[in-house]
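Colleague: give me a 3D structure for the following:
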Amino acid sequence: MTNLRHLIIRNLVRRPVRSIALCLLAAVLSAVILAGTCTVQSLDRGFQSMEMRLGADLMVVPYAAVSRKNFDNAILLGNAGEFYMPGEHADRIAGMEGVEKVSSQFCLTVAETDYCDVPVSLMAYDPRSDFTLKPWILESDGEDKAGTGAVIGSRIDAKIGDSLSFFGTEVKVSARLDRSDTDCDTAVYMDRETIQNIADTSGDAAFGERVRAYDGKAVSSIMIDVKDGYDVESVRNDINIHIKKVRAVQSQHVLTQAASGMGGVSGGVRTLMAAVWAVCAGVMAAVLLFETRERRREFALLRIMGASGRRVSRIVCGEVLSVCCLGAAGGTVAGLLLVLTGTGRIEQWLSLPFLLPDTAHMIGTVLFSLLLPVVSGAAAAVFAAGRISAKEAGILLREEE
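Modeller: Modelled structure (predicted):
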């Protein structure tokens, strides 16, 4: 066994071009498989997260927000922007037929802070009527999960009980949201009075005007839960007809569009992975067939010296498995680094929630990306070695001549 290992190592060193080529093929295959599988799983998890977050059947926003670029994606990511409408609309909508729950939100501004690596949205919400944030609260300082302090997203660098400062106003953190991979992760939700204090003490006249707009009852969005048995689209049409300068957006419609987009991206990634696997496996087989054919004299001499066909096959398979294992390990590490460091860029490029797989799925994906190149290389090696080991030494020598 020791002599076999030494022979395999010497053969690999003597043929560096072949060894490096097979190693790179295995590395590319591993990296693409890991990155592609993680992308598909992350999109699926992101969609599930997005579907759970949109606990409201309808979202009503000012009509001016509709002109915003990527408006549907902005809603999916949890931030319709700094657009405002009269708060009385929420009272009118609450009285419409088929409406079960109504809760409004107000976006003061998006600000750079020391608590997050990206700009943070300062949002006002009504803790008493809210039904979209409460299901996402991971931990809080009270059992009712609706205190007067700030509710922070998962990416905000703070703990329960900490104080955050916004434009000179201190706000105590009372609850923390679970990760959703939407703009909620980088938002701070407070009651209306706290937002008013921030605007008043900031010294920024524009902030004060925003909060005081519509007699101090401006809102950015209104979340609506439709009663069971009522058609959501009918309620949406009723709102759009009777309330001017607003647009009611049906969550399921936006989800359907997003699912279609995710399906296209996932399908493209799966096609790419299949194509890369086919190319890499085909090239491996072609290289090994050509290379074993060129080494017919070497294999014939081994057979004459007493090596069995099985031993010759083990030499070929050992060489291929060695470089494939090395390449698969390097490719897996590269793919993992690409996924972990490129998540933000991928999400920004797709404009869709992108939630990385949990630990168990990630481990399974890593193992799969390690095994696939090795199994593919082993299959190609067995096929190539079989064509050589099945022939007698004399036949191999005559073919060489």
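Colleague: so who does residue 202 touch?
Modeller: Counting by C-beta atoms under 8 Å, 6 or more residues apart in numbering, residue 202 touches 167-169, 208. In this view, the C-beta of every residue, glycine as well, is placed from N, C-alpha and C.
Colleague: only the buried subset of these, as a ChimeraX command please.
Modeller: Per 16 or more other C-beta atoms under 10 Å, the buried members of those correspond to this ChimeraX selection:
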select :167,169
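Colleague: so what are the domain limits for the protein?
Modeller: By the assignment in automatic domain parsing, the chain contains the domains 2-49+258-400, 54-250.
Colleague: least confident of those, on average?
Modeller: Lowest mean pLDDT within these: domain 2-49+258-400, a mean of 74.
Colleague: tell me which helix or strand the spatially most central residue of the chain sits in.
Modeller: Residue closest to the average C-alpha location in the chain (C-alpha atoms, centre = their mean): residue 354, at 2.6 Å. Using DSSP states H and E, residue 354 sits within no helix or strand.
Colleague: tell me if I'm right that it and residue 40 touch.
Modeller: No. Because the distance of 10.9 Å does not satisfy C-beta atoms under 8 Å, residue 354 is recorded as not touching residue 40.
Colleague: who are the packing partners of the helix or strand hosting residue 341?
Modeller: In this assignment (DSSP H and E), residue 341 forms part of helix 309-350. Counting contacts by 3 or more C-beta pairs under 8 Å, 6 or more residues apart in numbering; DSSP states H and E, helix 309-350 is packed against helix 2-14, helix 16-53, helix 251-294, helix 296-304, helix 359-389.
Colleague: partners of the longest strand anywhere in the chain, with directions?
Modeller: Assignment by DSSP state E gives strand 99-111 as the longest strand of the chain. Partners of strand 99-111 in the sheet, by DSSP bridges, are strand 120-125 (antiparallel), strand 221-226 (antiparallel).
Colleague: off-centre distance for that strand?
Modeller: The chain centre lies 26 Å from the centre of strand 99-111; the measure is C-alpha atoms, centre = their mean, to the nearest Å.
Colleague: with just CA atoms, put that strand into CSV.
Modeller: This file holds the C-alpha atoms of strand 99-111, laid out as CSV (Å, rounded to 0.1, in the frame of the first residue of the first chain):
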residue,chain,number,x,y,z
VAL,A,99,-61.6,45.2,7.1
GLU,A,100,-60.6,43.3,10.2
LYS,A,101,-57.5,45.2,11.5
VAL,A,102,-55.7,48.4,10.6
SER,A,103,-52.3,49.7,11.7
SER,A,104,-50.3,52.6,10.3
GLN,A,105,-46.6,53.3,10.1
PHE,A,106,-44.6,56.5,9.6
CYS,A,107,-41.1,56.8,8.1
LEU,A,108,-39.2,59.8,9.5
THR,A,109,-35.9,59.4,7.7
VAL,A,110,-33.1,57.0,6.8
ALA,A,111,-30.0,58.0,8.8
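Colleague: buried sites along it?
Modeller: Judged by neighbour count (16+ other C-beta under 10 Å), strand 99-111 contains these buried residues: 99, 101-110.
Colleague: now the residues you listed as CSV including distance to residue 213?
Modeller: Putting the buried residues of strand 99-111 into CSV (distance: C-beta to C-beta, whole Å) gives the following:
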residue, distance to residue 213
99, 24
101, 25
102, 20
103, 19
104, 13
105, 15
106, 10
107, 12
108, 11
109, 14
110, 18
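Colleague: right, and out of these, which lies closest to residue 189?
Modeller: residue 105 (7.9 Å; C-beta to C-beta).
Colleague: for the closest one, give its distance to residue 329.
Modeller: 48 Å (C-beta to C-beta, to the nearest Å).
Colleague: then residue 166?
Modeller: Counting by C-beta to C-beta - residue 166 and residue 329 are separated by 47 Å.
Colleague: what does residue 237 give?
Modeller: 58 Å.
Colleague: tell me which of those two has more neighbours.
Modeller: More crowded of residue 237 and residue 329, by other C-beta atoms under 10 Å: residue 329, with 18 against 13.
Colleague: and the more buried one, what does it touch?
Modeller: Here residue 329 is in contact with 30, 370 (C-beta under 8 Å, 6+ apart).
Colleague: try the one 10 residues further on
Modeller: Residue 339 makes contact with 34-35, 38-39, 356, according to C-beta under 8 Å, 6+ apart.
Colleague: closest one of these to residue 87?
Modeller: Within those, the smallest distance to residue 87 is 38.1 Å, found for residue 356 (C-beta to C-beta).
Colleague: in a strand, that closest one, correct?
Modeller: No. Counting by DSSP: H, G, I helix; E, B strand; the rest coil, one finds residue 356 to be coil, located in no strand.
Colleague: tell me the contacts of it?
Modeller: Residues counted as contacts of residue 356 (C-beta under 8 Å, 6+ apart) are 38, 41-42, 45, 339-340, 343, 362.
Colleague: adding distance to residue 247, write those residues out as TSV.
Modeller: Below are the contacts of residue 356 laid out as TSV (distance: C-beta to C-beta, whole Å):
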residue	distance to residue 247
38	36
41	34
42	30
45	29
339	37
340	38
343	32
362	40
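Colleague: which member of the residues you listed is positioned nearest residue 188?
Modeller: residue 343 (22.1 Å).
Colleague: I'd like the distance between that closest one and residue 337.
Modeller: To residue 337, residue 343 is 11 Å away according to C-beta to C-beta.
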